[in-house]
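**Q** Give the three-dimensional model of this entry:
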Amino acid sequence: MGISPIGTGTAALGGFTSGGDTGTNIQRKLTELKKQREEFAGAKNKVTDKNALANKIAALDRRISTLESRLEKLREENGECQTCKNRKYQDGSDDPGVSFKTASKIAPEAAAAAVRGHEMEHVYRNQAKAAREGREVVSQTVVLKTGICPECGKPYIAGGETRTVTKAKNEPDFSVGTETDSKGSLFDTVA
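**A** This is a model prediction of the structure:
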């Protein structure tokens, strides 16, 4: 299952208060307004009162500009958005012998290495389990997952997943009789 960021606070700025922190609400409203502006711009040829439409588009442009300024100011004040600041990672697998069983903060610049290291714990534990059970590892893959922060738009490591396929040592080398063991996925709990 994986490691994921957990929890954000609720704040109010400029009338946006529902569901999450201020930056997320501003970003959500910006996306909404930009979509609305695109719809109006696409309707230029279909509208008879082009002045009224131009006024609506101009008003949307002003609101978008104001919100972008607020969001930029918020980012400058905090240095890091609340979502990124509060991101924690936790293992979601049933393997008791690996790290991150409790939610832990990881610095954004260290997340890739930490998640990769965690997933390698699963790789080694799955290899040891296969050896104990007299099985042969056919393949192992580790995937690091990324996400985009909904508040600040920065990419981040959203978790990882390890997949191990084993077979009995006396079975032929094709998929019949293989066992898939997808232990260990690390995910972020905020995104």
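
**Q** would residue 162 count as being in a helix?
**A** No. Assessed by DSSP: H, G, I helix; E, B strand; the rest coil, residue 162 does not belong to a helix; its assignment is strand.

**Q** Could you double-check that it sits in contact with residue 123?
**A** Yes. The pair residue 162 / residue 123 is scored as a contact, 5.8 Å apart, by C-beta atoms under 8 Å. Using the backbone N, CA and C atoms, a C-beta is placed for each residue, glycine as well.

**Q** Distance check, residue 74 against residue 27.
**A** Taking C-beta to C-beta, to the nearest Å as the criterion, residue 74 is separated from residue 27 by 10 Å.

**Q** which residues do residue 162 and residue 123 both contact?
**A** With contacts defined as C-beta atoms under 8 Å, 6 or more residues apart in numbering, the residues shared by residue 162 and residue 123 are 140, 142.

**Q** More neighbours: the two, which one.
**A** Relative neighbour count places residue 162 above the other of residue 162 and residue 123, with 27 against 18, counting by other C-beta atoms under 10 Å.

**Q** beta partners for that one?
**A** residue 142 (DSSP bridges).

**Q** what about the residue most central in space within the chain, which helix or strand?
**A** Nearest to the mean C-alpha position of the chain, counting by C-alpha atoms, centre = their mean, stands residue 147 at 3.4 Å. Per DSSP states H and E, residue 147 falls inside strand 135-148.

**Q** And for residue 94?
**A** Using DSSP H and E, no helix or strand contains residue 94.

**Q** What about it? Give its phi and psi, please.
**A** Per-residue torsions, residue 94: phi -100, psi 10 (degrees, to the nearest 10).
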